[in-house]
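Colleague: the sequence isn't on hand, but the structure is:
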């Protein structure tokens with residue numbers, strides 16, 4: 001029996017008519033993608049466009065002016081996540097504790113459309129990421145190479161665009177040291193970073209190393225991503241401290257000026273940061289990724305952080 005439905009007019013943001021859509025039309029899903037703003041509108045009219053909110057309270061402020069932290073293990077909403085120990089570590093997806101909760105799209109795909117967020121009074125950039133693997137309990141108080149051998153990626157399995165970093169999970173002591181990381185690149189070649197200076201006395205949650213106060217460890221020349229990490233080696237025992245290796249895929253960034261409080265970005269207004277409509281990758285079993293964020297802290301105050309993501313399914 002044929003359905004009889006009334007087509008719905010679609011308007012752009014300026015109120016101009018751009019066409020008609022049937023909210024029950026499944027052709028965009030059968031084609032496997034939302035590729036236009038009309039498709040986004042249809043998803044919204046069909047009840048398949050949602051805001052998902054995360055907020056955290058970063059309690060570990062430091063006396064330095066600029067530093068990088070992560071939200072995944074901080075208290076708030078979603079609840080604090082956790083890592084497992086090397087070798088291997090844990091893989092994560094949208095069902096993991098600590099991930100921004102996303103509605104299961106079923107047979108549909110999910111698309112990132114818009115971000116809104118900020119870091120309270122101090123300001124600072126927010127980097128939305130898909131956390132892939134975390135392997136913890138790496139001692140910074142030894143010069144012996146720690147075997148990491150991270151678990152296989154379940155998304156972005158070719159490693160292209162996947163980055164790595166270290167997170168402090170037990171405060172580092174005051175002895176200076178460099179760190180070198182052995183990893184496998186996207187061509188399945190064994191590679192190594194150069195010697196990178198650690199931050200002495202770095203607090204829990206701080207991202208390391210802080211070369212340029214950034215969120216990712218520089219790769220060897222010509223490399224475009226990481227498939228796995230094999231070893232972490234410190235040049236000197238730091239006197240105490242523990243770190244974890246994180247593998248993640250950057251998705252979008254909010255560039256926030258000091259004291260700017262909360263700002264918004266979207267696929268329409270800031271195409272350089274959200275390049276059109278971004279499809280979120282699924283695992284082989286259909287689960288979406290583990291969305292969380294890193295923060296470039298500007299100032300020494302412990303401020304609340306909020307990140308809202310607008311996701312369409314279709």
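Modeller: Structure received. Keep in mind that what you see is a predicted model, and the values were worked out from it rather than measured.

Colleague: where exactly do the helices run in the chain?
Modeller: 27-30, 37-45 (DSSP state H).

Colleague: what's the least confident stretch among those helices?
Modeller: Across the helices of the chain, helix 27-30 has the smallest mean pLDDT, namely a mean of 36.

Colleague: which non-adjacent residue is nearest the most centrally placed residue in the chain?
Modeller: The structure's the chain has its C-alpha centroid closest to residue 129; by Cα atoms, centre = their mean the separation is 1.2 Å. Using Cβ to Cβ, 6 or more residues apart in numbering and skipping the chain neighbours, the partner closest in space to residue 129 is residue 248 (4.3 Å). From N, CA and C alone the C-beta is placed, and that goes for glycine too.

Colleague: who touches that neighbour in this structure?
Modeller: Neighbour list for residue 248: 129, 130, 131, 132, 162, 163, 164, 165 [criterion: Cβ atoms under 8 Å, 6 or more residues apart in numbering].

Colleague: got a pLDDT number for the first one?
Modeller: Read that as residue 129. On pLDDT, residue 129 comes in at 92.

Colleague: ditto for the fourth one
Modeller: For residue 132, the pLDDT comes out at 98.

Colleague: please report how far it lies from residue 159.
Modeller: 10 Å (Cβ to Cβ, to the nearest Å).

Colleague: which residues touch residue 282?
Modeller: By Cβ under 8 Å, 6+ apart, the neighbours of residue 282 are 109, 110, 155, 288, 289.

Colleague: 6 Å instead?
Modeller: Neighbouring residues of residue 282 by Cβ atoms under 6 Å, 6 or more residues apart in numbering: residue 288.

Colleague: residue 132 now?
Modeller: 153, 247, 248 are the contacts of residue 132 under Cβ under 6 Å, 6+ apart.

Colleague: so which of those residues belong to strands?
Modeller: In strands, defined here by DSSP state E, the members of the contacts of residue 132 are 247, 248.

Colleague: dump the contacts of residue 132 to CSV, plus distance to residue 44.
Modeller: Below are the contacts of residue 132 laid out as CSV (distance: Cβ to Cβ, whole Å):
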residue, distance to residue 44
153, 32
247, 33
248, 29
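
Colleague: show me where the stretch 201-314 of the chain has strands.
Modeller: With DSSP state E, counting those that start in this stretch as the criterion, the stretch 201-314 of the chain has strands at 207-208, 226-234, 242-254, 263-266, 278-280, 291-298, 304-313.

Colleague: will you turn the ones you listed into CSV that also has distance to residue 195 and mean pLDDT?
Modeller: Converted to CSV, the strands of the stretch 201-314 of the chain look like this (distance: least, Cβ to Cβ, whole Å; pLDDT from 0 to 100):
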stretch, distance to residue 195, mean pLDDT
strand 207-208, 13, 86
strand 226-234, 9, 98
strand 242-254, 16, 92
strand 263-266, 36, 46
strand 278-280, 35, 86
strand 291-298, 23, 79
strand 304-313, 32, 81
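
Colleague: in a markdown table, list these along with distance to residue 72.
Modeller: Listed next are the strands of the stretch 201-314 of the chain as a markdown table, based on distance: least, Cβ to Cβ, whole Å:
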| stretch | distance to residue 72 |
| --- | --- |
| strand 207-208 | 11 |
| strand 226-234 | 17 |
| strand 242-254 | 8 |
| strand 263-266 | 21 |
| strand 278-280 | 17 |
| strand 291-298 | 4 |
| strand 304-313 | 12 |
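
Colleague: appreciated, that's everything.
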